[in-house]
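*Asks:* Got a predicted structure here, sequence first:
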Amino acid sequence: MVVEEIAKVCTLTARVVVEANMGGISAVMGYGNHEQKAFCAQHVLAGDKPAICITEPDAGSAATEMRTTAQKRGDSYILNGTKHWITGGGTSKLYLVFARVLDEAGIDQGIGGFILFADLAAGEVPDGFRVMGREQTMGICGMPEAELRFENVEIDGKWLVQPQSGLKRGFAELMNAYNSQRVGAGTIAMGVAAGALERAKHYLLQREQFGRPLAEFQGLQWMLADMDTQVHAARLLLHEAARSRGPNGSQYPDMTMAARAKLFASEMAIKVVSDALQMFGARGYSDCEPLERMYRDVRMFTIGGGTAQILRTQIAGSILGIKTPQTRDGYTRLSEMERHAAVPDRRFA
Ligand code: FAD
């Protein structure tokens, strides 16, 4: 509810609030040990927004195909690879870097998250860590997305965050934390739409054409009613997801509810903000109203943090009760096996 109110007026501030409460930090708080939690909490409470580093040039939606490696050497790990589109890259101090963990012999142990501290402003940067430059984005420009390079960066082994289930299932477990981030991101999108709706309502009551307030035209009234209904539906889905918990005592929201809520809210917001802009006519298209900024801001929520297509795939998998691996081999092998294993409700069989 707080994030919604902030997003109504400033998408960027809402993102900082979400990322500092529900991004990489929630993975550390959920799976980290006492020292890791205390270290990260101290920086977040002092104002840092931790960066979460998953995406790579060749591993976007297919995140598990990441190539960044962390090879064990004594008590440390040596990190090598490239991450891009990292929000807060270069301005954050805490980085949760996901990498393929290799043992001393180079054998793949699974994916783990490493806490890395780099304060560029103070010149406290680990050797081999470089911020390569900023991505130019269409919206939410107050916080950078950056490409990061790791060249033989040495990290003490104590900064590896790994769930109790171990590294083999480590990525899936750590990504549970992303379910709260998704609820947060969906809430920002919904909040921007709610802000646009409020602005549109006031404008319809103020602006006159044909000698009448715009609010008297039924064509616009129906648009407004649809916008309000869509925002309300998204809010209910998000609240349901925020209240939910995943299976096995998870402290994070249910994956399907989070995916459903973010999917609906992010697509809804693009349409609602666009309709609000339309109601302002030329004024909406100009920079004397924040609507053109909101329209650019809101466009990203069907992409970042799990695209609309990937969320649909997750939701479909959950409805059908099957895994939905997207690689050719994985799909062919699993679908036959799982199709037979999935138990349909007898009433509809
Ligand atoms: P691709 O994976 O290349 O996808 C391209 C298109 O194909 C998309 O429409 C996608 O939905 C579709 N597609 C891909 N696979 C399938 C499939 N199996 N079925 C159907 N459609 C498919 N990443 C981080 O790690 N940390 C961050 O802080 C971060 N911040 C971001 C901030 C912004 C503003 C943006 C835009 C992105 C950010 N990202 C971040 C990256 C983001 O998570 C990725 O952009 C996202 O996962 C998609 O990856 P991609 O861009 O490589 O697209």
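*Replies:* Okay, I see it. Numbers count the residues shown, from 1 in each chain.
*Asks:* how about the strands in the chain?
*Replies:* Here the chain has its strands, by DSSP state E, at 51-53, 69-73, 76-87, 94-102, 108-117, 129-134, 145-156, 160-161, 208-209, 212-213.
*Asks:* in its sheet, what does the third one sit against?
*Replies:* Which is strand 76-87. Sheet pairing of strand 76-87 (DSSP bridges) gives strand 69-73 (antiparallel), strand 145-156 (antiparallel).
*Asks:* quick one: buried residues of the first one?
*Replies:* The neighbour-count criterion (16 or more other Cβ atoms under 10 Å) identifies 69-72 as the buried residues of strand 69-73. Every residue, glycine included, has its C-beta placed from N, CA and C.
*Asks:* same check, this time on stretch 241-261
*Replies:* Here stretch 241-261 shows 241-242, 244, 246, 250, 252-261 as buried, counting by 16+ other Cβ under 10 Å.
*Asks:* Let me see the contact set for the residue lying farthest from the centre of the chain.
*Replies:* Within the chain, Gly211 marks the point farthest from the mean C-alpha position, 46.3 Å out by Cα atoms, centre = their mean. Neighbouring residues of Gly211 by Cβ atoms under 8 Å, 6 or more residues apart in numbering: there are none.
*Asks:* For the protein, which residues are neighbours of the ligand?
*Replies:* Contact residues (Cβ under 6 Å from any ligand atom) of the chain with the ligand: 51-55, 60-61, 85-87, 137, 145, 300, 303-305, 307, 309-310, 313, 326.
*Asks:* again, 5 Å this time
*Replies:* Proximity of the chain to the ligand (Cβ under 5 Å from any ligand atom) is limited to residues 52, 54-55, 60-61, 85-87, 145, 300, 303-304, 307, 309, 326.
*Asks:* Most neighbours among those residues, which one is it?
*Replies:* Ranked by the number of neighbours (other Cβ atoms under 10 Å), the residues of the chain next to the ligand place Ile52 first, at 27 neighbours.
*Asks:* can you tell me how far it sits from Leu96?
*Replies:* Noted for Ile52: a distance of 5 Å to Leu96, by Cβ to Cβ, to the nearest Å.
*Asks:* List the residues that contact the spatially most central residue of the chain.
*Replies:* By Cα atoms, centre = their mean, the mean C-alpha position of the chain lies nearest to Gly305, the distance being 3.0 Å. Going by Cβ under 8 Å, 6+ apart, Gly305 touches 178, 181-182, 185, 262.
*Asks:* so which of the residues you listed is the most crowded?
*Replies:* Lys262 (31 neighbours).
*Asks:* Need the nearest residue in space to that residue, chain neighbours excluded.
*Replies:* If you skip the residues right next to it in sequence, Lys262 has Gly186 as its closest partner in space, 3.7 Å away by Cβ to Cβ, 6 or more residues apart in numbering.
*Asks:* Mind pulling up the pLDDT for the one you found?
*Replies:* What the model reports for Gly186 is a pLDDT of 98.
*Asks:* give me the number of residues near it?
*Replies:* When neighbours are counted by other Cβ under 10 Å, Gly186 registers 32.
*Asks:* likewise Ser26?
*Replies:* 23.
*Asks:* In helices, which of the buried residues of stretch 241-261 fall?
*Replies:* 241-242, 255-261 (DSSP state H).
*Asks:* And the residue in the chain positioned nearest to the ligand, how far from Gly89?
*Replies:* Here the residue of the chain nearest the ligand is Gly60; by Cβ to the nearest ligand atom that distance is 1.8 Å. Distance, Gly60 to Gly89, using Cβ to Cβ: 16 Å.
*Asks:* now Ala194
*Replies:* 30 Å.
*Asks:* ok, now Leu96?
*Replies:* Leu96 is 12 Å from Gly89, by Cβ to Cβ.
*Asks:* overlap in contacts of those two?
*Replies:* 51, 53.
*Asks:* picking up where we left off before, how about TSV for the strands paired with strand 76-87, with mean pLDDT added?
*Replies:* Putting those into TSV (pLDDT from 0 to 100) gives the following:
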stretch	mean pLDDT
strand 69-73	98
strand 145-156	98
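*Asks:* Which among these is found nearest to Ile111?
*Replies:* Taking Cβ to Cβ, strand 69-73 is the member of the strands paired with strand 76-87 nearest to Ile111, at 9.4 Å.
*Asks:* what does that closest one contact?
*Replies:* 77-81, 99-104, 106, 112, 114, 154-155, 157, 160.
*Asks:* Only the buried subset of those, as a ChimeraX command please.
*Replies:* With 16+ other Cβ under 10 Å as the criterion, this ChimeraX line picks the buried residues out of these:
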select :77,78,79,80,81,99,100,101,102,112,114,155,160
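*Asks:* quick one: low-confidence parts of the chain?
*Replies:* 331-339, 343-344, 349 (pLDDT under 70).
*Asks:* Please parse it into its domains.
*Replies:* 32-165, 171-336 (automatic domain parsing).
*Asks:* Could you export the ones you listed to a markdown table, including columns for distance to Val3?
*Replies:* Shown next, in a markdown table, are those (distance: least, Cβ to Cβ, whole Å):
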| stretch | distance to Val3 |
| --- | --- |
| domain 32-165 | 14 |
| domain 171-336 | 5 |
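*Asks:* Among those domains, which comes closest to Val9?
*Replies:* Nearest of these (Cβ to Cβ): domain 171-336, 6.1 Å.
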